[in-house]
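[1] Pasting the sequence and the predicted coordinates here, then a few questions.
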Amino acid sequence: MYKLSNNISLDITGDGLKGYIILSDDKDELKDLNIDDLVQGIKKFIKFGLKEEVVLNVLKNKILDERVLIAEGKKPIDGKNGKIKYHFDFEKPLLPKINPDGTVDYKDLDAINVVKNGDIIAEIIPPIDGEDGIKVNGEPIIHKKGKTPKFNRGKNTIITEDGLFLKSSANGIVEIRNGKISVSEVLTLNNIDNSTGNINFNGNVIIKKDILNGFSLRTTGSVEIKGAVEGGFIQCDGDVLVRQGIQGYNRRTIEIGGNLSTKFIENSIISVGGNIASEAIMHSDVSSKSNILVIGRKGLIVGGICRAKYEIRAKVVGSSMATNTVLEVGTDLDVKQKYEELEHKINLSKDNLEKIERSLKLLEMLKSSNKLDQKKLLLYNDLIKARDLLNTQIINFEEELFVIQSQKDSLLKGQIKVSDIVYPGVKIVIGNCQMLIRDEMKRCTFYEENGRIRIGPY
């Protein structure tokens with residue numbers, strides 16, 4: 001409280017944001033009041049937000065014994081805290097996909113957050129600046145600054161140099177574990193079923209139980225399934241281990257770049273870039289770009305067709321019921337197709353070369369008699385260049401064909417080895433050679449020699 005005179009007081013609130021004037025009941029003194037001097041006196045204490053018209057009104061009209069507001073300061077505007085913006089939904093609702101025709105696909109649920117190396121996981125939204133306030137006496141009121149959050153990062157994540165972005169440093173799935181944002185290179189699920197939908201993942205996958213009928217798993221890594229594949233589909237670049245077995249229901253089941261190991265394969269269509277190891281293969285279409293090894297107590301191949309690039313090995317092939325069963329080695333469709341393509345290119349190039357040689361022969365006759373005009377001379381030079389290019393191409397194609405031919409020759413060294421019984425009804429194919437087994441055979445090896453399939457001891 002400040003006394004401006006005996007009957008005029010000035011009151012400023014504790015926070016300094018409001019100023020009041022109070023005139024006491026002494027009219028004789030107020031008669032001699034110099035308003036201008038009084039306003040100047042007030043300004044010594046109130047330097048911001050003074051409402052001079054209110055002051056003049058109070059003094060001119062001699063408003064007594066009232067606490068009149070004559071000044072207001074400015075409140076500070078506090079800054080707003082920054083926040084972390086996540087680029088992934090960590091609480092996905094598992095909503096099914098609506099197809100263009102209006103039907104609902106309950107298998108494509110997009111249930112996991114898949115990232116690639118370098119993907120942005122989260123970013124920091126910087127705090128918003130505030131504004132200082134000011135008291136009526138002119139003193140500043142410092143505003144509270146917003147806080148900048150920090151990433152609580154886990155494994156396989158990096159923070160950019162500017163500190164604003166959190167990125168993945170590996171292929172995997174984004175998770176929050178123990179309050180930390182992490183990227184796991186191994187996806188672990190109980191099942192692949194209605195609870196997950198189809199899975200597309202960049203990394204290794206572990207399934208604790210099964211992949212159920214109609215659901216698919218596609219991944220760039222390897223897969224371990226501790227249960228079974230029951231009508232599901234797996235496509236991956238790495239190896240696949242199925243501990244309980246594969247039942248394909250006569251559908252495409254496995255397409256992988258690595259090795260496949262499983263207890264049994266039944267009614268499945270399977271294509272594998274590496275070896276296949278199983279205790280039994282039954283009524284399936286199975287292809288390997290390496291070896292098929294049917295091992296264990298059963299060691300059984302019955303029904304369907306098994307193709308391997310190098311070797312098929314089993315204990316029992318076919319059945320006493322003469323079930324149609326085909327074993328084929330020494331074939332590689334990729335090699336065969338490449339060989340045929342190269343042969344076609346060589347033949348085409350030689351045909352074109354022959355046509356060019358005929359044209360050049362005619363032009364050279366004209367040239368020798370000085371009958372080449374400018375246009376024919378240009379054509380002659382272009383044909384010379386084309387001839388040289390074709391010769392180079394033919395040499396390159398033939399060198400490549402030689403390599404492919406050696407690969408084809410090595411395929412003919414493929415073998416089929418049976419440690420117990422081969423039943424009638426089994427068809428043996430090695431390269432372009434075929435043999436139908438008409439009588440039961442035991443402990444034998446099938447191989448190609450001089451264009452015929454030979455049978456040797458196991």
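    Happy to help now that I have it. Numbers count the residues shown, from 1 in each chain.
[2] how long is stretch 125-135 from one end to the other?
    Separation of the first and last residues of stretch 125-135 by Cα to Cα, to the nearest Å is 32 Å.
[3] cool, stretch 241-261 as well?
    Stretch 241-261: ends 5 Å apart by Cα to Cα.
[4] Show me what that stretch is in contact with.
    Here stretch 241-261 makes contact (Cβ atoms under 8 Å, 6 or more residues apart in numbering) with 210, 213, 222-240, 262-278, 284, 290. Any C-beta I mention is one placed from the backbone N, CA and C, and that applies to glycine too.
[5] Would you mark the buried spots in the host helix or strand of residue 248?
    Using DSSP states H and E, residue 248 sits in strand 245-256. Residues of strand 245-256 classed as buried by neighbour count (16 or more other Cβ atoms under 10 Å): 245-248, 253-256.
[6] So in that sheet, which strands flank it, and in what orientation?
    Strand 245-256 pairs in its sheet with strand 228-230 (parallel), strand 233-236 (parallel), strand 260-272 (parallel), by DSSP bridges.
[7] ok, back up a step: pick out whichever of the buried residues of strand 245-256 sits closest to residue 118.
    Residue 118 lies nearest to residue 256 out of the buried residues of strand 245-256, by Cβ to Cβ, at 26.0 Å.
[8] Check the spacing between the closest one and residue 206 real quick.
    16 Å (Cβ to Cβ, to the nearest Å).
[9] Also residue 260?
    16 Å.
[10] Kindly report the same for residue 384.
    Distance, residue 384 to residue 206, by Cβ to Cβ: 64 Å.
[11] swap in residue 151?
    From residue 151 across to residue 206, the span is 28 Å (Cβ to Cβ).
[12] Tell me which of those two has more neighbours.
    Taking other Cβ atoms under 10 Å, residue 151 and residue 206 do not tie; residue 151 has more neighbours (19 against 14).
[13] quick one: secondary structure of the closest residue to the more buried one other than its chain neighbours?
    For residue 151, ignoring the flanking residues on the chain, the nearest one in space by Cβ to Cβ, 6 or more residues apart in numbering is residue 166 at 4.8 Å. At residue 166 the chain is in strand, as set by DSSP: H, G, I helix; E, B strand; the rest coil.
[14] Which residue ranges of the stretch 1-150 of the chain form helices?
    Here the stretch 1-150 of the chain has its helices, by DSSP state H, counting those that start in this stretch, at 27-31, 35-45, 52-61.
[15] which other residues reach the longest one?
    If I follow you right, that is helix 35-45. For helix 35-45, using Cβ under 8 Å, 6+ apart, the contacting residues are 2, 4-5, 8, 10, 12, 19, 21, 50, 52, 55-56, 59-60, 70, 137.
[16] Let's see that with 6 Å instead.
    For helix 35-45, the surrounding residues in contact (Cβ atoms under 6 Å, 6 or more residues apart in numbering) are 2, 4, 10, 55, 59.
[17] could you dump that helix to CSV, C-alpha only?
    This file holds the C-alpha atoms of helix 35-45, laid out as CSV (Å, rounded to 0.1, in the frame of the first residue of the first chain):
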residue,chain,number,x,y,z
ILE,A,35,-5.2,15.9,-10.8
ASP,A,36,-2.2,16.1,-13.1
ASP,A,37,0.2,16.0,-10.2
LEU,A,38,-1.6,13.0,-8.8
VAL,A,39,-1.5,11.1,-12.1
GLN,A,40,2.3,11.7,-12.3
GLY,A,41,2.6,10.4,-8.8
ILE,A,42,0.8,7.2,-9.6
LYS,A,43,3.0,6.7,-12.6
LYS,A,44,6.0,6.5,-10.3
PHE,A,45,4.6,3.3,-8.9
